[in-house]
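[1] no FASTA, just this:
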Ligand SMILES: Cc1cc2nc3c(=O)[nH]c(=O)nc-3n(C[C@H](O)[C@H](O)[C@H](O)COP(=O)(O)OP(=O)(O)OC[C@H]3O[C@@H](n4cnc5c(N)ncnc54)[C@H](O)[C@@H]3O)c2cc1C
């Protein structure tokens, strides 16, 4: 599909392609966490349809529609991207694959990576072949992320990495990790960090799962003991990893907030979700809460759109993405509280009549913690956007 | 559809408007008018007309600048920031949109007068305490070739000063919209003493004569004309309220950066920082809904209802929060009449009710979203 084709032609072409290529099983608005395809070396597909759908999308560059074709994308411009997601959600199509590689590492590599790094790391992400995890947090470095202590010693052609990460989601299932490592212990805290790419199969890397209150998608402790990391696996400059880390975080925040606006997971209107359980939304309090949620969710969705349009016009959101993260995740928690209320006692069982609604609800509680807490987002807005004194 | 970013022309228009209003219509001006018991400044409105604002929705053929709804919303937003007093929404937005639905020579002449700043309008729909146009009980009794209007309207914004009134009344088989001069025999206007010091009236119609000429659009078909006009007004009002929220917010942030307690600026307290940041987030999100409503009204008016109600609902909620936080963070001084914050609070309360409150628009959104 050429970047020059008119929007109408593009839509028609895309629609026909989706009609022909998107398996019926992949058109399911009610998808839950277990239905997500994360890809990776050891991924086992839950169905043939899931596999076929990924392969067909990857061949067209539709797993990462806006990435350049050279790196496995479809090279879509902003207008085409909009149409792409409209058409996908029109038929309730699932994302063929989701991953930290697509949401976080990819954008950071596209911005900071060398040409060789892009060619080497991006296409496998686009094809869903390599799964990445994020090694930022440590027991002593959460909100105060820049105080990471995992250290990398310069050994000439490699770094020797030692330390511990925590809350690394899916580290036990990931093939690679992007990690913040202190490579200069004398420098001020933001100036001595490097951004390293580490193979999880390297000797000395070890993970231990931690179970969440939701019972699903465990995260891990990740340990590094004398891990040798070749020098060409650094992104950006030595000791300048904080810039990469922050850039990546803005993408992580936008991604998390999109979930909050109810735009992921098929993008179903709250009313429709609630109607799965209740005949009519006649309970006055619930109805009022649901209307408020829906209004906020539509407005936040439009804000995401506006920020994307602004970015395309060269007005990057920068620190304002903290706003999206904060508003989106707080909203998502409200949505899920409502869905629990609407589900009543049916929603209280792990595998009850509504599937895992309770698990999803519990999982949303992490939205306002992961990727930076709501309090931290508000601090970013107040200091960097409003210029209030620190 | 246009993107959700301001175009270069739109940015210029907003900058220009801000520059002008800061000088010609700051909050101090509203205070002065209130103290003098005035609710309309003819000279100010004339200047706005000369800049093309009165004709923002009037076709160029009738002397308008025809800039569209997104532009009208931008202007309304800037007026909201400084609490400008003008009949912009009633006249340039609501009446002009209504008249535009009717393509006859009389309507065209009326549009030309609006663009030239020679005629101001007020919309008389409310009869009860809540916005509910379809429930209008005022009667338009057929009488020969014309009608006799009887009934009462309240909360007619700009109704005390307007030259003309758009009046909604119940005819034999539906609702009919009339466009009549405000001084027609049988019309009695009592100026309402509004908390926000803007112009409004309670109006009594006692056996008022109306001809077929006075009917806007078709008899019994008021909504065809009124609905687009209401949506345009609701969109612009939402924009004004969001501008108001931004104005109150700027004032508040400015204040907490200056004010000291415990030996430091109060803006250093995280409790206040986070509330200010939250408020900014709310305003930013609402701004998207406003821009979207303007784009929809311009590009696809038939399907703009959801976008408009979303904008008005969000704007109502956001402005309410902005003025409540504004007064609170100002402490005692925020409660004084001598300080401007109270003006924002009162205007926000009136805006919240006009053309449908939060619940009204939330129900519209719910209906559109299949609740
Ligand atoms: C489900 C989930 C998945 C995650 N996945 C990953 C991952 O894949 N990789 C990874 O690296 N990390 C991951 N994280 C970690 C996440 O980024 C951290 O949990 C988060 O940054 C908060 O750090 P913390 O847990 O140490 O909390 P703390 O920083 O200890 O915060 C505790 C409380 O104090 C508040 N607080 C802290 N500092 C301030 C302040 N200055 N002002 C006001 N309040 C403050 C916080 O808001 C919070 O309420 C994940 C977390 C969750 C919950």
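    That came through, no problem. Nothing here was measured: the structure is a model prediction, and the numbers come from that model.
[2] what's the offset of the helix or strand hosting residue B:364 from the middle of its chain?
    Element membership for residue B:364 (DSSP states H and E) is helix B:358-368. In this view, helix B:358-368 has its centroid 19 Å away from the chain centroid, taken as Cα atoms, centre = their mean, to the nearest Å.
[3] which residues touch it?
    A:271, A:281, A:287-288, A:290-292, A:294-295, A:298, B:130-132, B:234, B:305-306, B:309-310, B:312-313, B:316-317, B:352, B:356 (Cβ atoms under 8 Å, 6 or more residues apart in numbering or on different chains). Where C-beta positions appear, they are placed from N, C-alpha and C, glycine not excepted.
[4] go through stretch B:56-64 and flag the buried ones.
    Buried residues in stretch B:56-64, defined by neighbour count with 16 or more other Cβ atoms under 10 Å in any protein chain shown: B:56-59, B:62-64.
[5] what about stretch A:369-387, how long is it end to end?
    24 Å (Cα to Cα, to the nearest Å).
[6] touching that stretch from outside, list them.
    By Cβ under 8 Å, 6+ apart, stretch A:369-387 touches A:143, A:167, A:169, A:249, A:252-253, A:256, A:318-320, A:322-323, A:325-326, A:329-330, A:368, A:388, A:390, B:253, B:270, B:273-274, B:276-278, B:280-281.
[7] same deal with stretch A:331-340?
    Here stretch A:331-340 makes contact (Cβ under 8 Å, 6+ apart) with A:259-262, A:270, A:273-274, A:286, A:289-290, A:293, A:296-297, A:300, A:347, A:357-358, A:360-361, A:364-365, A:367-368.
[8] and chain B, which of those residues reach it?
    Intersecting those with the contacts of chain B gives A:270, A:290, A:296, A:300 (criterion: Cβ under 8 Å from any Cβ of the partner chain).
[9] can you list those residues in a markdown table and add neighbour count and distance to residue A:184?
    Formatted as a markdown table, those follow (neighbours: other Cβ atoms under 10 Å in any protein chain shown; distance: Cβ to Cβ, whole Å):
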| residue | neighbour count | distance to residue A:184 |
| --- | --- | --- |
| A:270 | 25 | 49 |
| A:290 | 27 | 52 |
| A:296 | 27 | 44 |
| A:300 | 28 | 40 |
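[10] for the one helix or strand residue B:317 maps to, name the packing helices and strands.
    Assigned by DSSP H and E, residue B:317 belongs to helix B:305-330. If you count contacts as 3 or more Cβ pairs under 8 Å, 6 or more residues apart in numbering or on different chains; DSSP states H and E, helix B:305-330 packs onto helix A:284-312, helix B:222-258, helix B:270-299, helix B:341-353, helix B:358-368.
[11] so what's residue 192 closest to, chain neighbours aside?
    In the absence of a named chain, chain A is used. residue A:184 (3.4 Å; Cβ to Cβ, 6 or more residues apart in numbering or on different chains).
[12] nope, chain B
    Residue B:192's closest residue in space is residue B:200 (Cβ to Cβ, 6+ apart), at 4.4 Å.
[13] give me phi/psi at the one you found?
    When read as degrees, to the nearest 10, the backbone of residue B:200 gives phi -160, psi 160.
[14] mind checking pLDDT for it?
    pLDDT, residue B:200: 98.
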